[in-house]
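Asker: Sequence first, predicted model second:
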Amino acid sequence: MIDVEDLTVRFGDVTALDGTSLSVADGEFVTVVGPSGCGKTTLLRSVGGLQSPTSGRVRVGGDPPEAAQSAGELGFVFQSHTLFPWKTALENVVFLRELTGRDPERERARERLVDAGLGDAVDAYPRELSGGMCQRVAIVRAMHLGASTLLMDEPFGELDELTRYDMAASVLDSWRDTDRTVLFVTHSVPEAVLLGDQVIVMADNPGRIVDRVDVSLPRPREEAVMDTAAFGDQVADIRRVLRENRADDEGAISPDR
Ligand SMILES: Nc1ncnc2c1ncn2[C@@H]1O[C@H](COP(=O)(O)OP(=O)(O)OP(=O)(O)O)[C@@H](O)[C@H]1O
């Protein structure tokens, strides 16, 4: 359970988040879209305890985020991977479990890497892998940690179109199997609809939540759902909300994405 109450974060004159409240129930997959600079990353970082609020309160599973993090209950995937360069892909994946005193489950970790199309990369170091491959390792690592809450900030940004949807399918599979809570930031409205139970729509100047849209598509969702009229309607609805709340043209989300 994620609980954000009246959260304001200011950086000097910039109000990155203005009195934002948000509640994500256990097991929910909530996606976040909005124009560049509307505070999506700041929201995620605040939930993860990486950003202190100017005012307001954040709780994860009833605890301050810092406590949830040290208990290994928070997993992160950032826009650019944060792998340890001196560890192989497999060692990177098991490390966080070791750090939090859990069974590293090496064989399961190896299987996850193979399932993510990284069978040949298990014993490779990050410098030997492409940016997209490293990002996939980082996603596998977050899944393998088994944290009850997963915070993902544009995790597929560096991936090509096909790999993006393979990874989306693997994140959805893993989420369904473990029932964890996910807060997922993306610039892509179709990706937000494909993945989310709900889509949080944000606006900028100041950064705030302007809508929360239920995604009424059945699960499990395959990529083919994106070709249906119902999917197109949901995407169009969210794009309309984005346009209606656009402060100006600068930095606005492209309606084609
Ligand atoms: N550490 C910081 N110091 C100063 N300003 C910051 C800092 N972090 C974020 N900001 C500002 O706060 C606002 C929100 O930034 P944030 O990165 O949260 O937006 P975003 O929606 O994630 O953007 P993007 O989609 O481009 O990643 C922006 O105006 C940004 O410049």
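Answerer: Ah, there it is. All values derive from a computational prediction rather than experimental measurement.
Asker: which secondary element of the chain has the worst mean pLDDT?
Answerer: Within the chain, no helix or strand scores below helix 161-178, which has a mean of 83 by mean pLDDT, DSSP states H and E.
Asker: How about residues contacting it?
Answerer: Here helix 161-178 makes contact (CB atoms under 8 Å, 6 or more residues apart in numbering) with 29, 115-117, 132, 136, 139, 143, 146, 150, 152, 155-156, 159, 182, 191, 194-195, 219-223. To be clear about C-beta, it is placed using only N, CA and C from the backbone, and glycine gets the same treatment.
Asker: Which of those are buried? Put it as a PyMOL command.
Answerer: Here is the PyMOL command that selects the buried residues among the contacts of helix 161-178 (16 or more other CB atoms under 10 Å):
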select buried, resi 29+116+132+136+139+143+146+150+152+155+156+159+182+191+194+195+221
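Asker: residue ranges of the strands in the chain, please?
Answerer: 2-11, 14-24, 29-33, 55-60, 74-77, 149-153, 181-185, 198-203, 208-214 (DSSP state E).
Asker: With distance to residue 84 as added columns, please give those in CSV.
Answerer: Putting those into CSV (distance: least, CB to CB, whole Å) gives the following:
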stretch, distance to residue 84
strand 2-11, 27
strand 14-24, 29
strand 29-33, 28
strand 55-60, 25
strand 74-77, 14
strand 149-153, 19
strand 181-185, 24
strand 198-203, 32
strand 208-214, 35
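Asker: contacting residues around the residue in the stretch 151-257 of the chain positioned nearest to the ligand?
Answerer: Proximity of the stretch 151-257 of the chain to the ligand (CB to the nearest ligand atom) peaks at residue 207, 5.5 Å away. Shown in contact with residue 207 (CB under 8 Å, 6+ apart): 9, 15-18, 20, 34, 37-39, 42-43.
Asker: Which ones among those residues also lie next to the ligand?
Answerer: Restricting the contacts of residue 207 to those within reach of the ligand (CB under 6 Å from any ligand atom) leaves 16, 34, 37-39, 42.
Asker: Which of the residues you listed ranks first by neighbour count?
Answerer: residue 38 (29 neighbours; other CB atoms under 10 Å).
Asker: can I assume it is in contact with residue 203?
Answerer: Yes - between residue 38 and residue 203 a contact is recorded at 5.9 Å, counting by CB atoms under 8 Å.
Asker: Which positions in this structure make contact with the ligand?
Answerer: Listed as neighbours of the ligand in the chain under the rule CB under 6 Å from any ligand atom: 11, 14, 16, 34, 36-42, 207.
Asker: Taking those, tell me the two that lie furthest apart.
Answerer: The largest separation in those, counting by CB to CB, is between 11 and 34 at 17.1 Å.
Asker: what residue is smack in the middle of this structure?
Answerer: Against the mean C-alpha coordinate of the chain, by CA atoms, centre = their mean, the closest residue is residue 152 at 2.0 Å.
Asker: what's it in contact with, if anything?
Answerer: So residue 152 contacts 76-77, 139, 142, 171, 182-185 (CB under 8 Å, 6+ apart).
Asker: Mind listing the residues bridging to it?
Answerer: Judged by DSSP bridges, the bridge partners of residue 152 are residue 77, residue 184.
Asker: For residue 58, see how far away it is.
Answerer: According to CB to CB, to the nearest Å, residue 152 and residue 58 sit 17 Å apart.
Asker: ok, back up a step: so of the residues of the chain next to the ligand, which ones are in helices?
Answerer: Among the residues of the chain next to the ligand, DSSP state H puts 40-42 in helices.
Asker: Would you reformat these as CSV and include distance to residue 236?
Answerer: Output for those, formatted as CSV (distance: CB to CB, whole Å):
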residue, distance to residue 236
40, 21
41, 26
42, 28
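Asker: Cool, thanks, talk later.
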